[in-house]
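Peer 1: sequence plus the predicted model coming up.
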Amino acid sequence: MDAPRASIDFAPQPVRDGTLSPYNQVDLIVGPEGFNLPGRSRKLFTDEFVLISDPGNKALSGPEPSLADLSSVPHAVAYLNDPVNDDVQEMLRRAGVDYSVGARLFGLAALPTLISGTDMVALVPRMLAAKASRTLQLSVFELPAGMNLPMTECVYWHPRDEDDLAMKWLRDALARTVSSLSPEMSGPPPKILRGSEAWSK
């Protein structure tokens, strides 16, 4: 290791207020592009959204969901700062999906657990779906044709730390670590579980 005595504390994302005040609590913020996170930024990787549901969800019985399917089922939706407006929900509205919200929560990570055993669906990044499907029974679907939704994760920092050597090292170390997680930045293909079908390698 480059810094064997270094340690990192992970904390929930501070609430944004349109200023650089979050950096009074944290050195770096890791989050998606396009959500008005403050400060300078550097791209880490790009993933894409897929649809997940419980395998027993009879509303999604076909190989690919349609816009009508997405409108007929309740959605579990995540937000980062604004529980009413975010890019994912706006994308659904632009596509003509007249969806109902079954549950709303902060952050994407808990969505797979939340929809398991329910009739709700959720849009999550492919890498999250792949990881969650190792321990949860999930059906994973590609989005309808033409509804492409990439998600670029970035690291953000205060402009005052642009040339700080320790902070530059930390940003570089984070970028190196992320790039070595998987040779395919979109992650492994998610396993598909529909109904009572079993999945095996």
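Peer 2: Done, it's in.
Peer 1: right, and the helix or strand after the helix or strand of the chain with the lowest mean pLDDT?
Peer 2: Ranked by mean pLDDT, DSSP states H and E, the weakest helix or strand in the chain is helix 87-94, scoring a mean of 68. Where DSSP states H and E defines the elements, the next helix or strand beyond helix 87-94 is strand 100-106.
Peer 1: partner strands of that following strand, with direction?
Peer 2: Counting by DSSP bridges, the strands paired with strand 100-106 are strand 74-79 (parallel).
Peer 1: can you list contacts of the strand it pairs with?
Peer 2: The contact list for strand 74-79 (Cβ atoms under 8 Å, 6 or more residues apart in numbering) reads 86, 88-89, 92, 99-108, 110-111, 114-115, 118-123. Any C-beta I mention is one placed from the backbone N, CA and C, and that applies to glycine too.
Peer 1: restricted to buried residues, select those residues in ChimeraX.
Peer 2: Selection of the buried residues among the contacts of strand 74-79 in ChimeraX, burial being defined by 16 or more other Cβ atoms under 10 Å:
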select :86,88,89,92,99,102,103,108,111,115,118,120,121,122,123
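Peer 1: so residue 123 sits against residue 53, correct?
Peer 2: No - assessed by Cβ atoms under 8 Å, residue 123 is found out of contact with residue 53, at 10.7 Å.
Peer 1: go through the longest helix anywhere in the chain and flag the buried ones.
Peer 2: Taking DSSP state H as the criterion, the chain has its longest helix at helix 165-179. Buried residues in helix 165-179, defined by neighbour count with 16+ other Cβ under 10 Å: 167, 170-171, 174.
Peer 1: what does that helix rub up against?
Peer 2: Under Cβ under 8 Å, 6+ apart, the answer for helix 165-179 is 2-3, 27-28, 30, 42, 44-45, 153, 155, 157, 161.
Peer 1: any idea how far residue 128 is from residue 164?
Peer 2: Per Cβ to Cβ, to the nearest Å, residue 164 is found 32 Å from residue 128.
Peer 1: what number of residues lie near residue 161?
Peer 2: Using other Cβ atoms under 10 Å, residue 161 is surrounded by 18 other residues.
Peer 1: could you do residue 162 as well?
Peer 2: By other Cβ under 10 Å, 12 other residues sit near residue 162.
Peer 1: and the nearest residue to it once chain neighbours are set aside, what are its bridge partners?
Peer 2: Nearest residue to residue 162, sequence neighbours excluded (Cβ to Cβ, 6 or more residues apart in numbering): residue 40, at 6.1 Å. Bridge pairing for residue 40 (DSSP bridges) gives the partners residue 157.
Peer 1: that's all I had, so thanks and see you.
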